[in-house]
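> Sequence and predicted model, in that order:
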Amino acid sequence: MIAAYQRISRADGDLGKDGKDKSNSIKNQKELIQRYISHKESLQNLPVMDFVDDGYTGSNFDRPGFQKMMDGVRSGEIDTIIVKDYCAIIGLNQKDLENQGILA
């Protein structure tokens, strides 16, 4: 089974000043993941389960959707995780990665 994981943090400024989702909205993330799966023949016939943490920071793993997804990984039910980008999982942006010497 494929886990499609989406996360957005309101506290981290992932919403515009008008309170509306920016390009990394849950809806946008889900659409991008679905599009990716539809273009990968090896993934097209596998079941997909969405895991969503709407309003949770990525600075820790204390997120209900993430924990439920990881339970599925540990049980062997989930063998593939797809996210829009790594920030959904670890909550680091480009500046954080530069500060840690991961990106130059």
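The structure has been received and is ready for your questions.

> excluding its backbone neighbours, what's nearest residue 6?
Among residues not flanking residue 6 along the chain, residue 29 sits closest, at 4.1 Å (CB to CB, 6 or more residues apart in numbering). C-betas here are computed from N, CA, C, even on glycine.

> cool, residue 38 as well?
Leaving aside its chain neighbours, residue 38 sits nearest to residue 44 (6.6 Å; criterion: CB to CB, 6+ apart).

> Low-confidence stretches in the protein?
For the chain, the stretches with pLDDT under 70 are 11-24, 86-104.

> Which stretches in it count as helices?
Ranges of helices in the chain, per DSSP state H, are 26-38, 64-75, 87-90, 94-99.

> Adding mean neighbour count and distance to residue 1, write these out as JSON lines.
As requested, the helices of the chain are exported to JSON lines (neighbours: other CB atoms under 10 Å; distance: least, CB to CB, whole Å):
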{"stretch": "helix 26-38", "mean neighbour count": "15", "distance to residue 1": "12"}
{"stretch": "helix 64-75", "mean neighbour count": "14", "distance to residue 1": "7"}
{"stretch": "helix 87-90", "mean neighbour count": "18", "distance to residue 1": "18"}
{"stretch": "helix 94-99", "mean neighbour count": "12", "distance to residue 1": "30"}
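
> In TSV, list those along with distance to residue 3.
Output for these, formatted as TSV (distance: least, CB to CB, whole Å):
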stretch	distance to residue 3
helix 26-38	10
helix 64-75	5
helix 87-90	11
helix 94-99	24
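
> how about these, which one is nearest residue 54?
helix 26-38 (5.5 Å; CB to CB).

> Name the residues of stretch 51-66 that are buried.
Residues 51, 52, 53, 56, 58, 63, 65, 66 are the ones in stretch 51-66 that count as buried (16 or more other CB atoms under 10 Å).

> Report the contact partners of the residue nearest to the last one when sequence neighbours are not counted.
I take that to be residue 66. Nearest residue to residue 66 in three dimensions, chain neighbours excluded: residue 53, at 5.9 Å (CB to CB, 6+ apart). Contact partners of residue 53, counting by CB atoms under 8 Å, 6 or more residues apart in numbering, are 5, 6, 7, 8, 63, 64, 65, 66.
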